[in-house]
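# pasted the sequence and its predicted model underneath.
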Amino acid sequence: MSGGSVHALIEERATRAPGAVYAHSLVNGRTLHYGELAQSCRRVAGLLQSHGLRPGDTVSLVMPNGLQTLRLLLGAMHAGLVVNPVNLLSQPAQMAYVLGHSDCGLVCVAPEWEARVRELLQGLDRTVQVLVADPDGDALPGEAAAVAGAWPAPAPDATALLMYTSGTTGVPKGVMLTQANLAANAQAISAEHGLVADDRVLAVLPLYHINAFAVTMLAPIAQGGSLAMPAKFSAARFWEQAAGCTWINVVPTMISYLLEGAAPAPAQTAAIRFCRSASAALPPEHHRAFEAKFGIGIIETMGLTETVAPSFSNPLDARLRKIGSVGRASGCEARVIDAALQAVADGSTGELAIRGPNVMRGYYKNEAATAASFTPDGWLRTGDLGHRDADGFFFVTGRIKELIIKGGENIAPREIDEVLLAHPAVLDAAAVGVPDPHYGQEIMACVVLREGAACSEDELRAFCIEQLGRYKAPRHLRFVSELPRGPSGKVQRLKLVELV
């Protein structure tokens, strides 16, 4: 593929294989072919133009998955507009902040979100139009009357996506990703996983998250593959929906739920070549259990919103993968740096840094945060701690802000998580540092027990002492019904401190 933009990817695919299916809705059975997709983009452009939008303007979406959601996102980017998918799990104050900060001129909302969004918009100091659209409807309101848009193709360096980070440690930051950023990673993902035109992915992740946006929506376009889209993830219906798909893209939380369910019928998984896991660390115990139970190999990957999702991936060849590793650099360069921003030797722990065509242009209206996120020589600082081994595989041990510092010793929370998850009574677990007058920080772990399992604090602490030693074993244990997680499935460790 030669496309250096989302616009070029869509146009080239529509020219090469106009009759090939791009998207298939598992809600209503409708399909969208590549030729139809290109025509759809022009109609969406005309619709947005009728609302006064022009290339470079921002359109926000408060919509769950559906074919009309796909059409709006791709049509707007194809026309050179900036799309801002809003996280549906946001608290009202956070959603209001995003709608205000993004400078959007139009918000597309699903019917069930209309009243809430209109109320939030009343607090803004500008007028924002609202377009109410059913994600699974036959068409978009006003589409038939709109004249198809004929705008110039956007430049590769034009901003195409404005996606806000979760903001768990402060107000959300708007990540600006260009047409070229998105196209580069669509092609890199496709190449990394050996995708071809016959491949179909089950698209269960929400499109307001970068993983689904880049991996399940854009990557298939690079090679003319397709996606099957249910309304949302359902552990009970997952394998039925996956029938006919050749790969699945999930997060570790979903893997945990699937492990608790029944095994699928052989016919439902016969075509699946691999399972791709991303967005959060996959516990090795769950990795091995999934492959043993379902007979499907897992490719663990990792990335950030700032890098259009994946920037690390384990190889397609199962013999070369390393369980517990996020893989090798994919579509970019990566290295590990110390506090002085200098590269460290393999095996040494430091901060992971990334450079490449997938790296964001910066944070919207936040020059200070943008400058702080890059080294003087242009490497993006991820905030992730880890190391690289001699084979070029990267291992992540935690976040800099989540690192537990007990008595001056650095302790990676994930090391404790993995020990707890190895206990047969534990379904889920996460460790965090809490204030301590003697050590500065002590270790607390929140634990979710398996249904019907019994385990005392003393028993679990003894298990940790045996595996970790007394110094790293959690002093505080809390049994909870669930762990606080963000939309990508990452545990929000800093919220665990509130449980003390």
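Cool, got the structure.

# correct me, but residue 479 touches residue 449?
Yes. Here residue 479 reaches residue 449: they are 6.4 Å apart, a contact under CB atoms under 8 Å. In this view, the C-beta of every residue, glycine as well, is placed from N, C-alpha and C.

# now for the closest residue to residue 413 other than its chain neighbours: which residues touch it?
Nearest residue to residue 413 in three dimensions, chain neighbours excluded: residue 431, at 4.4 Å (CB to CB, 6 or more residues apart in numbering). Counting by CB atoms under 8 Å, 6 or more residues apart in numbering, residue 431 makes contact with 404, 413, 416-417, 420, 443-446, 474, 493.

# try 7 Å
413, 416-417, 443-445, 474 (CB atoms under 7 Å, 6 or more residues apart in numbering).

# burial measure for residue 452, as a count.
Neighbourhood size, residue 452 [other CB atoms under 10 Å]: 6.

# swap in residue 477?
21.

# can you pull the phi/psi pair for it?
Backbone torsions for residue 477, taken as degrees, to the nearest 10, come to phi -120, psi 130.

# nearest spatial neighbour of it, chain-adjacent residues omitted?
Per CB to CB, 6+ apart, closest to residue 477 is residue 457, 4.7 Å.

# could you check how far that neighbour is from residue 475?
Separation of residue 457 from residue 475 (CB to CB, to the nearest Å): 11 Å.

# and residue 342, what does it touch?
Residue 342 touches nothing, counting by CB under 7 Å, 6+ apart.

# oh, and call the first residue 25 from now on, that's how I've got it
Shifting the count to begin at 25 puts that one at residue 366.

# centroid-wise, who is the farthest residue in this structure?
residue 462 (38.6 Å; CA atoms, centre = their mean).

# for the closest residue to residue 182 other than its chain neighbours, phi and psi?
Spatial nearest neighbour of residue 182, excluding adjacent residues (CB to CB, 6+ apart): residue 203 at 5.4 Å. Here is the backbone geometry of residue 203 (degrees, to the nearest 10): phi -50, psi -40.

# and residue 272, by the same measure?
Torsion angles, degrees, to the nearest 10, at residue 272: phi -130, psi 140.

# pretty sure it contacts residue 229?
No. Using CB atoms under 7 Å, residue 272 is not in contact with residue 229, being 10.2 Å away.

# would you mind checking which helix or strand in the protein has the lowest mean pLDDT?
Every helix and strand of the chain was ranked by mean pLDDT, DSSP states H and E. The lowest is strand 433-435, at a mean of 77.

# and that one, how far out from the chain's middle?
What separates the centre of strand 433-435 from the centre of its chain is 29 Å, taken as CA atoms, centre = their mean, to the nearest Å.

# now it: buried residues?
For strand 433-435, a neighbour-count test (16 or more other CB atoms under 10 Å) marks residue 435 as buried.

# what's the following helix or strand after that strand?
helix 437-445 (DSSP states H and E).

# strands paired with whichever helix or strand comes after that following helix, and their directions?
Towards the C-terminus, the helix or strand next in line after helix 437-445, according to DSSP H and E, is strand 450-460. Applying DSSP bridges, strand 450-460 is found paired with strand 464-473 (antiparallel).

# quick check: the gap between residue 140 and residue 166.
Residue 140 is 22 Å from residue 166, by CB to CB.

# now swap in residue 181 and tell me
The gap separating residue 181 from residue 166 is 31 Å, by CB to CB.

# ok, now residue 84?
Taken as CB to CB, the span from residue 84 to residue 166 is 17 Å.

# tell me which of the two has more neighbours.
The neighbour comparison of residue 84 against residue 166 (other CB under 10 Å) goes to residue 84, with 25 against 14.

# other SSEs contacting the one helix or strand the more buried one maps to?
Following DSSP H and E, one finds residue 84 within strand 82-86. Contact analysis of strand 82-86 by 3 or more CB pairs under 7 Å, 6 or more residues apart in numbering; DSSP states H and E lists helix 91-102, strand 106-109, strand 130-133 as its packing neighbours.

# what's the next secondary structure element after the helix or strand where residue 33 lies?
Per DSSP H and E, residue 33 falls inside helix 30-40. Heading C-terminal from helix 30-40, the first helix or strand you meet, by DSSP H and E, is strand 45-49.

# helix or strand next in line after that next one, which one?
strand 55-57.

# list the strands paired with that following strand, with their directions.
strand 45-49 (antiparallel).

# next, the angle from the partner strand to helix 30-40.
Strand 45-49 runs at 100 degrees relative to helix 30-40, counting by axes from the mean of the first three to the mean of the last three CA atoms, to 10 degrees.

# ok and strand 45-49 relative to helix 91-102, angle-wise?
Using the same axes, to 10 degrees: strand 45-49 against helix 91-102 is 140 degrees.

# what lies in contact with strand 45-49?
55-58, 61, 91, 94, 160, 250-253.

# who's residue 188 bridged to?
Beta-bridge partners of residue 188, as defined by DSSP bridges: residue 198.

# need the contact list for it.
Residue 188 is in contact with 122, 196-198, counting by CB under 7 Å, 6+ apart.

# same thing with residue 463?
430-431.

# gap between it and residue 133?
49 Å.

# so for the residue farthest from the centre of the chain, what's the nearest residue that isn't a sequence neighbour?
Closest to residue 462 by CB to CB, 6+ apart is residue 431, at 7.9 Å.

# next: residue 248.
Counting by CB to CB, 6+ apart, the residue nearest residue 248 is residue 221, at 4.1 Å.

# equivalent analysis for residue 88, please.
Closest to residue 88 by CB to CB, 6+ apart is residue 159, at 5.7 Å.

# double-check that that neighbour belongs to a helix.
No. Under the criterion used here (DSSP: H, G, I helix; E, B strand; the rest coil), residue 159 is coil, not part of a helix.

# I'd say it and residue 94 touch.
No. Using CB under 7 Å, residue 159 makes no contact with residue 94, being 8.9 Å away.

# which strands or helices does the helix holding residue 33 pack on?
helix 58-74, helix 91-102, helix 203-216, helix 243-247.

# can we see that at 6 Å?
With contacts defined as 3 or more CB pairs under 6 Å, 6 or more residues apart in numbering; DSSP states H and E, the packing partners of helix 30-40 are helix 58-74, helix 91-102, helix 203-216.

# so which of these gets nearest residue 28?
Checking the helices and strands packed on helix 30-40 against residue 28 by CB to CB gives helix 203-216 as the closest, at 5.3 Å.

# between that closest one and helix 30-40, how many degrees?
50 degrees.
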